[in-house]
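Enquirer: sequence and computational prediction follow.
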Amino acid sequence: MRRGIVALLLGLPVLLVAVGYAWMRDEPLSADAQTWLEQAQVDEGQSRAYVFLNGLDADLEQSPEALGAERLEAYRGWRSSHGPMDEGFAEPVVATLALPQGPLFCPIEKDGCLTTLLRGVSGWVETDEQRLLRERYWQFLQLDDYRNLLEASIIAPLPPHRYLVSGQQLLTLQLLKAAQEGEGEQVRARLDEELHLLRGQLRRADTLIAKMILARMVERNMRWQAVLYRKGLMPAPSSVPAFDDAERSLLMPLQHEFQGVALLFEALPKAENSLGEWLMLRWGLRPQMSTNASLTFYQPIAELSRRPPEVFVGDLQQLPVVQWQRSWRNAMGNVLLEIGAPDYRRYAVRLQDLEAYRRLLQGLSQLPQGTPSAEQLRAFDNPYYPGQPAQLDEQGRLCFAGPMLEDDGARCLLL
């Protein structure tokens, strides 16, 4: 009996070590997770477009390239001596262009905005700063080497996207004014060119925020073409090629998001925490296990986004609810996964909707003025449901039915 107790006591430390090792052991990254992280690696080489965009708001005395390079150098220098969870980075304080403000800078999809713009643009006089921003916007569109140059991070600075959106609005105001003055043919050519250039930038966008901002800008271009044509201010819209899988793909943007999550899981246990937080993370978080599990939020949507609309809508309905292998050894990871993933399906739908806008725009040229008949609506072929016609909603807009987003006027053009 004594020998048994002694043997048990002698073996207890070994048992505790074994149990502790089993508890603390992380799992290796899956092959898919490893591939995604490798593909998301940032090559800190050259991208004139990215540098230019980062300095788009430079004031009159500085070029966008100079300010963009200054900002990137400042962040990289700070990051070289700080961890991924460190806070406190501040961008260099510099003079910038004033962000255009006022009633004429409302988005066309907002209620009442179109009326404001149609009535007010004739009295609008472009300032020197606004002219410069409009010219820079056009210059950015023509740069064809855009790619993100910063590793994913919750503290990495973002390009001044608001100035990009304002640049498009300034171009729109200029074209609207020209259309009202009888230059409809030139306006159509300019909008055609803008749409072509925007679609090129949409293909190259490799972060989620850039992809969705550019998608909205593409959509606004088509909305304006529809308005100007129906108001008799420009000829019928030109033929526009169908949107392809590169334009609607979320692969690169979601790989960037996934990289950020993986870096966060890896950094959390190493960050400066209180003793209680350190213990919870040390004993309850398995970074690579969590990273593997998080891939289930991203990979199916990335694959789904590239499918044509008629396939997309069926596969979207059959997409299973996101589930991952929960582990009792990864309690904190389970919590973070539970609260940390947005619904990426909505982003995929927004990109798919661009084809719906394109088909509505192309069909408008076949419609006479006034309310279209049921027979005329049948000429519009819904990209999601082939053979299903367009519909008129309560506001008299021309719409396609489709998945999700029905509550915010998606897939509708004004008649």
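Expert: Arrived safely, thanks for sending.
Enquirer: could you look up the SS state of Pro389?
Expert: coil (DSSP: H, G, I helix; E, B strand; the rest coil).
Enquirer: before we move on, what about Leu413?
Expert: strand.
Enquirer: and it, how close does it get to Leu392?
Expert: 11 Å (Cβ to Cβ, to the nearest Å). For the C-beta atoms, the positions are set from N, CA and C on the backbone; glycine is no exception.
Enquirer: these two: who's more crowded?
Expert: Leu413 (23 against 15; other Cβ atoms under 10 Å).
Enquirer: the more buried one contacts Leu360, correct?
Expert: Yes - Leu413 lies in contact with Leu360 (Cβ atoms under 8 Å); the separation is 4.7 Å.
Enquirer: so, low pLDDT: which residues of the stretch 151-300 of the chain?
Expert: For the stretch 151-300 of the chain, applying pLDDT under 70 flags the ranges 269-284.
Enquirer: let's see 50
Expert: Within the stretch 151-300 of the chain, no stretch has pLDDT under 50.
Enquirer: tell me where it has helices.
Expert: Using DSSP state H, counting those that start in this stretch, the helices of the stretch 151-300 of the chain run over 161-180, 184-204, 208-230, 245-248, 251-267, 275-284, 287-305.
Enquirer: name the nearest residue to Asp32, sequence neighbours excluded.
Expert: Take Asp32 and drop its neighbours on the chain: the residue closest to it by Cβ to Cβ, 6 or more residues apart in numbering is Leu295, 6.0 Å away.
Enquirer: so how far is Lys231 from that neighbour?
Expert: 48 Å.
Enquirer: got it, and Ile213?
Expert: For Ile213 relative to Lys231 (Cβ to Cβ), the value is 27 Å.
Enquirer: look at those two and report which has more neighbours.
Expert: A count of neighbours by other Cβ under 10 Å puts Ile213 above the other of Ile213 and Lys231, at 20 against 15.
Enquirer: so the more buried one sits against Leu164, correct?
Expert: Yes - between Ile213 and Leu164 there is a contact under Cβ under 8 Å: 7.0 Å.
Enquirer: so what's the residue count around Cys106?
Expert: There are 15 residues near Cys106, going by other Cβ under 10 Å.
Enquirer: quick check: mean pLDDT across stretch 386-394?
Expert: For stretch 386-394, mean pLDDT is 87.
Enquirer: do the same with stretch 28-35
Expert: 89.
Enquirer: between Leu413 and Leu360, what contacts are shared?
Expert: Ala226, Leu398, Cys399 (Cβ atoms under 8 Å, 6 or more residues apart in numbering).
Enquirer: quickly list what the second one is bridged to.
Expert: With DSSP bridges as the criterion, the beta-bridge partners of Leu398 are Leu392, Leu413.
Enquirer: returning to that earlier point: for the helices of the stretch 151-300 of the chain, give me CSV that also has distance to Pro372.
Expert: Output for these, formatted as CSV (distance: least, Cβ to Cβ, whole Å):
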stretch, distance to Pro372
helix 161-180, 23
helix 184-204, 22
helix 208-230, 11
helix 245-248, 28
helix 251-267, 37
helix 275-284, 60
helix 287-305, 32
